[in-house]
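Novice: have a look; sequence and predicted model below, questions after that.
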Amino acid sequence: MTLPLGSGNPNAKIFIVGEAWGADEARAGKPFVGMSGMELDRMLHEVGIMRSDCYTSNVVNAQPAGNDIRAWIPLTKREITPDCIRLRDRMVKPILLAGYHSLLRELSLVKPTLILALGNTPLWTLTGRWGITKWRGSQLVQNAADLTDAIPNPPVKVIPTYHPAAILRQWDWRAVALNDLRRAKRESTTPTYRVPDWTFIIRPGLAQALGTLGALYERCERGPTLLSFDLETRAGHIACGGLAWDRNNALCLPFMCVEQPDGYWPEEEEALILAELYRVLTHPNTRVLGQNLLYDCQYTWRHWHFIPRVTFDTMIAHHTAFPGLPKALDFQSSMYCAHHVYWKEDGKLWKPEYGEDQFWKYNCEDAVRTFEIAEALGVRP
């Protein structure tokens, strides 16, 4: 099956991929020429990207029946027909598979630095992720399993965001998408991401835990000290607590552990750690940061009988400044963090058989991202 190609600068650094043609595109035989195309032009112009510097295409350069992409990607078993073919984890119509193979050939010819994926269909076909609301703004890469000698290697950067047609229906998404476009512009200058150099302590022994807390206490003794604090709970109890002292370094203090039903620490050691944690979190010079800390503080009071010296709550600050936007930590990360990849399912979908390390890394990531968000919102010691 031969499908039309996209259009634009054949040497473009930014390759814009939509889902499929609308009625205007079908008449013109080119992508992004209708109302959504005009909105895309305006948004690109606002962030300093010229449409003439980009190459545009779609997963399928054709119009689906009823202008609904579900005509090619059945979402329920009832909609699957005998002609459907498997692509990744879903059954799709042959035209969508043909369109995707055509898109891969276009990518191999243009060799962009970055792909801007507009909508859920290009997000899924290019990266295997599903859910544009979760993944938008994330700094992803093209699925390596789809690459051959004819396709750019290493995988091309992919940043997904909302499709302009969706923005025209949901106007408050526009400001969020503009932020994603600014990220795409910054990332289009280099072929690889600058990934954070995180150092997480996730299985501390007693000496390492007390040594780290002691060093933080000494820092507090010397002057005002910012500490990001985050709890993870399980069955109404504190599972672990994370502390970050900058945007790259964090300590997770485990208390519950599936490998040790009686707890991570013997009773006497846990008492020593909690005493030192109390000294750090209630020190007069400590400035405790967190996301929705009122929730965490009810646990520290109930189980540990103290409340940290809370100075700044990222959820409250962000919601005060932008009351119409989502308040969740992952959304704030997508708006404020220099490098963002959606990570919240690492903890949400955790199961005991995965082991605890994933859960503890998740706790540390929450802490360092909260620290970076607070700095972006203007917090200083």
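Specialist: Looks like it came in fine. Note that this is a predicted model, so its numbers are computed, not measured.
Novice: use CA for all of it now, contacts and neighbours both
Specialist: Will do.
Novice: next secondary structure element downstream of the helix or strand of the chain with the lowest mean pLDDT?
Specialist: Across the helices and strands of the chain, mean pLDDT, DSSP states H and E gives its lowest value to helix 345-348, namely a mean of 74. Using DSSP states H and E, the helix or strand that directly follows helix 345-348 along the chain is helix 357-376.
Novice: now find how far off-centre that next one is within its chain.
Specialist: Centroid displacement of helix 357-376 relative to its chain, using C-alpha atoms, centre = their mean, to the nearest Å, is 12 Å.
Novice: that one - contacts with which helices or strands?
Specialist: Applying 3 or more C-alpha pairs under 8 Å, 6 or more residues apart in numbering; DSSP states H and E, we find helix 357-376 packed against strand 225-234, strand 237-244, strand 249-254, strand 286-290, helix 314-321, helix 329-336, helix 345-348.
Novice: bridging residues for the closest residue to Tyr299 other than its chain neighbours?
Specialist: In space, and not counting its chain neighbours, Tyr299 is closest to Ile238: 7.1 Å by C-alpha to C-alpha, 6 or more residues apart in numbering. For Ile238, the beta-bridge partners under DSSP bridges are Thr233.
Novice: relative to Ile201, how far out is Ile238?
Specialist: Applying C-alpha to C-alpha, to the nearest Å, the value for Ile238 to Ile201 is 18 Å.
Novice: cool, and Thr233?
Specialist: 19 Å.
Novice: also Arg183?
Specialist: 30 Å.
Novice: same check on Gly34?
Specialist: In terms of C-alpha to C-alpha, Gly34 sits 52 Å off from Ile201.
Novice: Thr233 and Ile201: which has the busier surroundings?
Specialist: Neighbour count, other C-alpha atoms under 10 Å: between Thr233 and Ile201, Ile201 has more, with 20 against 14.
Novice: give me phi/psi at that one?
Specialist: Phi and psi for Ile201, reported as degrees, to the nearest 10, are phi -100, psi 110.
Novice: right, and it touches Pro254 too?
Specialist: No: the criterion here is C-alpha atoms under 8 Å, and Ile201 misses it with Pro254 at 10.5 Å.
Novice: that older thread, list of residues touching the least confident helix or strand of the chain?
Specialist: Helix 345-348 is contacted from outside by 358-359, 362-363, using C-alpha atoms under 8 Å, 6 or more residues apart in numbering.
Novice: now stretch 262-271: average pLDDT?
Specialist: Averaging pLDDT along stretch 262-271 gives 96.
Novice: can you list the buried residues in it?
Specialist: For stretch 262-271, the neighbour count (16 or more other C-alpha atoms under 10 Å) marks 264-265, 270 as buried.
Novice: reformat the residues you listed as a markdown table; add distance to Thr225 and secondary structure.
Specialist: A markdown table is the format used below for those (distance: C-alpha to C-alpha, whole Å; DSSP: H, G, I helix; E, B strand; the rest coil):
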| residue | distance to Thr225 | secondary structure |
| --- | --- | --- |
| Tyr264 | 28 | coil |
| Trp265 | 27 | coil |
| Glu270 | 24 | helix |
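Novice: which one of these is nearest to Lys344?
Specialist: Closest to Lys344 out of the buried residues of stretch 262-271 is Tyr264 (23.8 Å), distances taken as C-alpha to C-alpha.
Novice: hmm, back to that, pick out the shakiest of the helices and strands packed on helix 357-376, pLDDT-wise.
Specialist: Mean pLDDT across the helices and strands packed on helix 357-376 is lowest at helix 345-348; the value there is a mean of 74.
Novice: how far is that one from where the chain is centred?
Specialist: Computed by C-alpha atoms, centre = their mean, the chain-centroid distance of helix 345-348 equals 12 Å.
Novice: mind checking the end-to-end distance for stretch 252-268?
Specialist: End-to-end for stretch 252-268, by C-alpha to C-alpha: 19 Å.
Novice: contacts only, for Leu126.
Specialist: 142-143, 158.
Novice: ranking those residues by neighbours, who comes first?
Specialist: Val158 (27 neighbours).
Novice: following element in sequence after whichever strand or helix holds that residue, please.
Specialist: Val158 is part of strand 157-161, with elements assigned from DSSP H and E. Downstream of strand 157-161, the first helix or strand assigned by DSSP H and E is helix 164-169.
Novice: and Glu106, what are its phi and psi?
Specialist: Glu106 has phi and psi values of phi -60, psi -40 when expressed as degrees, to the nearest 10.
Novice: is it true that Leu210 touches Ala275?
Specialist: No: between Leu210 and Ala275 there is no contact, the gap being 9.9 Å when judged by C-alpha under 8 Å.
Novice: who's more crowded, these two?
Specialist: Using other C-alpha under 10 Å, the more surrounded residue of Leu210 and Ala275 is Leu210, with 19 against 13.
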